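S.K.: Here is my input, please return the structure:
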Amino acid sequence: MLELETGIDRSGVPDTVLGQEEASRRHAEALSKYFHRPSNKRVNYTKLAIASPFLCPWTQLVQEWNKAADGPLPFFVLRDQEALAKLRLALERKFNVHSIGLPPAALIPVLLTLKTRGNPGDNALICLPLRTDFRTNRQNRLATVHGPVYVEPAHPDPHGKERTVLRAQHLKTLKRLRNRRVRQKRRLQRANPGVLVRIPQANNRSLVEQQLKRMADLWLPATPDTVRQQCSRECFGYVTQAGFSLSEGGVNGIGYVTARGLEKLFKICTKGTVKVLHTGSRIHV
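M.R.: Numbers count the residues shown, from 1 in each chain. Prediction:
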């Protein structure tokens, strides 16, 4: 975390070659680890309303926040110091954010400071709060309630039954092929008594690979249907790296949000308060 605070580490910047390669490497490692677990030990991210738990889909996120655009918008990280300084003034209510003229395809770097316990972790969702969340938070403080302000409801899994059927069919197919090899060996053994009969091993590699690919698409689709509306709060950014900060004495996170989502946030709350959803939990912090 020290390199992040001093500005030396640039591995998490999403529009750089280093950042994209690092994200792809972590994504491949996380996917391999995820699918090496048995199905009853895997986290069902569909029920947690997480569309992409191991990779931040920046292109799709920017595109969904700019549906009025004629074509795809290549995203980039805003590095204009003047615009960033005006955004800091806007958080202090000294400047109008709409007069800055933020590019629609820009990703705004943000520093998040958690006001509650816990660590959101990498790839956590940055969501827009509702006015009811502020009202609930105020009521909880007055009533000395220390519970979460909002808990994401459990979402249904539309591919659960399909995965069960495909798994049963695949096991039935493998069993049928095995029985066929057993019958072939018995037939050859009867035709050649006293001779040890060996049959070639089953060539089911392509069948197994096809099944793994289909099941992986049902567990974690490569292209989610939506990123902005994946949970009950609108997602407009992601936390790329989070951890305990020694200089701040608390948990901080570095993330990026879309320009259109940030403008909508200022219509709801001018203090820059957002909701953060961990990829392994339904609690918004």
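
S.K.: switch to C-alpha atoms for all contacts and neighbour counts from now on
M.R.: Noted.

S.K.: nearest spatial neighbour of Ala106, skipping sequence neighbours?
M.R.: Excluding its sequence neighbours, the residue lying closest to Ala106 (CA to CA, 6 or more residues apart in numbering) is Phe76, at 5.2 Å.

S.K.: so where do the helices sit in this protein?
M.R.: 2-6, 17-35, 58-64, 81-91, 131-142, 160-191, 205-219, 259-268 (DSSP state H).

S.K.: can you list those helices in CSV and add mean pLDDT and mean neighbour count?
M.R.: Listed next are the helices of the chain as CSV, based on pLDDT from 0 to 100; neighbours: other CA atoms under 10 Å:
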stretch, mean pLDDT, mean neighbour count
helix 2-6, 48, 11
helix 17-35, 91, 14
helix 58-64, 92, 21
helix 81-91, 89, 15
helix 131-142, 84, 13
helix 160-191, 87, 13
helix 205-219, 87, 13
helix 259-268, 90, 18
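
S.K.: of all the ones you listed, which lies closest to Leu246?
M.R.: helix 2-6 (8.2 Å; CA to CA).

S.K.: returning to what we had before: is it correct that the residue nearest to Ala106 is in contact with Asp15?
M.R.: Yes: contact criterion CA atoms under 8 Å: Phe76 and Asp15 qualify, at 5.6 Å.

S.K.: Give me the more crowded residue out of these two.
M.R.: Neighbour totals were compared for Phe76 and Asp15, and Phe76 leads with 20 against 15 (other CA atoms under 10 Å).

S.K.: For that one, report the pLDDT, please.
M.R.: Predicted confidence (pLDDT) for Phe76: 91.

S.K.: so what's it up against?
M.R.: Pro14, Asp15, Ala105, Ala106, Leu107 (CA atoms under 8 Å, 6 or more residues apart in numbering).

S.K.: Out of those residues, who's the most crowded?
M.R.: Busiest of the contacts of Phe76 [other CA under 10 Å] is Leu107, holding 27 neighbours.
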